[in-house]
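S.K.: please find the sequence and the predicted model below.
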Amino acid sequence: MNKSLVQIRDLDVVYATRAGEVRAVDGVTLDISAGKVLGLVGESGCGKSTLGTALLRLVRHPGRIAGGEIWFDGRNLLALSKEEMRELRGARISMIFQDPMTSLNPLQRISDHIVETIRTHKPEVSTQEARQQAAELIDRLGIMADRLDDYPHQLSGGMRQRVMIGLALALRADLIIADEATTSLDVIVEAQFLDLLKELQRDFGLTILLITHNIGVVAQLADQVAVMYAAKLVELADVEQLFADPLHPYTKALLASVPNIRLVGDTLKVMQGSPPDLISPPSGCRFHPRCPYAFDRCAAEEPPLIEVQPGRWVACWLQRG
Ligand SMILES: Nc1ncnc2c1ncn2[C@@H]1O[C@H](COP(=O)(O)OP(=O)(O)OP(=O)(O)O)[C@@H](O)[C@H]1O
Ligand code: SF4
Ligand SMILES: [Mg+2]
């Protein structure tokens, strides 16, 4: 059994809106094993990004963490001061977004980003040493050394994503949260980026939470997969298990909609029906209005998430025997 770097326990995140309270993460319990890639999948609006930002305590207003616990390397994140949290965010947990331009300073050269990141967290490192480290990193990321002094807008989208990984590596971050990090890349650049990420993940023992609606990306990179539906975790399994034998009807539908998982982009749109409203979700199992296997109990009672095989969790009445 792998040691858990992150333990999420019964986490609730809500957004207060005029129409009512949107419960975007509802009672989620999940571990992220150290040195592994956990893929987090589910339709648009099911709460993936909210869960990712909650791990950094960066849920945007009008959202807030309304309950539960988040443990990171033995520390209760929800009990840390703002200052402690800021340190942790910079140094040990990094987030990579779909558009790296939002995280990079357009007026700063790539080298300066990396040098500054290194020196902010390790002031004892001289600028010259930091520059040397930046050059080594850039090389490891497959970016030509002569691009070191480019500005972010001079690089392609794929190169910018590499820089974001470089910044996380410069900090020796333990956990990287990648939220739709490859969505804006074309297929070939995306495949190269994913290969690089896998290589770096193995070499540096990184733990990655890979948030995506692209099942193909999950198949390529993840060790484990968590499936969310309407703010709930409905299935958790090793990647091979999940693809070979999905147990939750929603997971089955998700995979059935992908004829060739390696070739598909946005695959979830072909599923019948639409995701429920999170202000007043369906009773019982939230998937029941769309589930081809639904029976009486499904609308009346919510199925608990249970461990049906070692390391494999499913929330569906069909799995209760
Ligand atoms: N600032 C906000 N105010 C109100 N509701 C919000 C806000 N941000 C997110 N939500 C709601 O919370 C739910 C979860 O949103 P979230 O962005 O976490 O989903 P997601 O799974 O990341 O979707 P996507 O695949 O489109 O990125 C959605 O129903 C969304 O409408
Ligand atoms: S509990 Fe019922 S409605 Fe929900 S996924 Fe299982 S069979 Fe379908
Ligand atoms: Mg999102």
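M.R.: Right, received. Where do you want to start? Ligands and ions are numbered 1, 2, ... in the order given.

S.K.: from now on I want contacts and neighbour counts done on CA atoms only, so please keep to that.
M.R.: Will do.

S.K.: how is the closest residue to residue 144 other than its chain neighbours assigned, secondary-structure-wise?
M.R.: Using C-alpha to C-alpha, 6 or more residues apart in numbering and skipping residues adjacent in sequence, the residue nearest residue 144 is residue 138, 7.1 Å away. At residue 138 the chain is in helix, as set by DSSP: H, G, I helix; E, B strand; the rest coil.

S.K.: quick check: residue 138 touching residue 146?
M.R.: No: with contact defined as C-alpha atoms under 8 Å, residue 138 does not count as touching residue 146 (9.7 Å).

S.K.: higher neighbour count, those two?
M.R.: Here residue 138 and residue 146 are set side by side on neighbour count (other C-alpha atoms under 10 Å), and the busier one is residue 138, at 23 against 9.

S.K.: show me the contacts for the more buried one.
M.R.: 144, 145, 148, 163, 166 (C-alpha atoms under 8 Å, 6 or more residues apart in numbering).

S.K.: could you redo the last one with a cut-off of 10 Å?
M.R.: By C-alpha atoms under 10 Å, 6 or more residues apart in numbering, the residues touching residue 138 are 110-111, 114, 132, 144-148, 162-163, 166-167.

S.K.: buried residues, stretch 104-122. List them.
M.R.: For stretch 104-122, a neighbour-count test (16 or more other C-alpha atoms under 10 Å) marks 104, 109, 110, 111, 112, 113, 114, 115, 116, 117, 118, 119 as buried.

S.K.: export those residues as a markdown table, with columns for pLDDT.
M.R.: Listed next are the buried residues of stretch 104-122 as a markdown table, based on pLDDT from 0 to 100:
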| residue | pLDDT |
| --- | --- |
| 104 | 87 |
| 109 | 93 |
| 110 | 91 |
| 111 | 89 |
| 112 | 91 |
| 113 | 90 |
| 114 | 90 |
| 115 | 92 |
| 116 | 90 |
| 117 | 87 |
| 118 | 88 |
| 119 | 90 |
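
S.K.: residue 6: what secondary structure?
M.R.: Classification of residue 6 using three-state DSSP returns strand.

S.K.: picking that back up, just send the contacts of residue 138 back as JSON lines, with distance to ligand 2 and secondary structure too.
M.R.: Below are the contacts of residue 138 laid out as JSON lines (distance: C-alpha to the nearest ligand atom, whole Å; DSSP: H, G, I helix; E, B strand; the rest coil):
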{"residue": "110", "distance to ligand 2": "48", "secondary structure": "helix"}
{"residue": "111", "distance to ligand 2": "50", "secondary structure": "helix"}
{"residue": "114", "distance to ligand 2": "47", "secondary structure": "helix"}
{"residue": "132", "distance to ligand 2": "54", "secondary structure": "helix"}
{"residue": "144", "distance to ligand 2": "50", "secondary structure": "coil"}
{"residue": "145", "distance to ligand 2": "52", "secondary structure": "helix"}
{"residue": "146", "distance to ligand 2": "54", "secondary structure": "helix"}
{"residue": "147", "distance to ligand 2": "51", "secondary structure": "helix"}
{"residue": "148", "distance to ligand 2": "51", "secondary structure": "coil"}
{"residue": "162", "distance to ligand 2": "39", "secondary structure": "helix"}
{"residue": "163", "distance to ligand 2": "41", "secondary structure": "helix"}
{"residue": "166", "distance to ligand 2": "41", "secondary structure": "helix"}
{"residue": "167", "distance to ligand 2": "41", "secondary structure": "helix"}
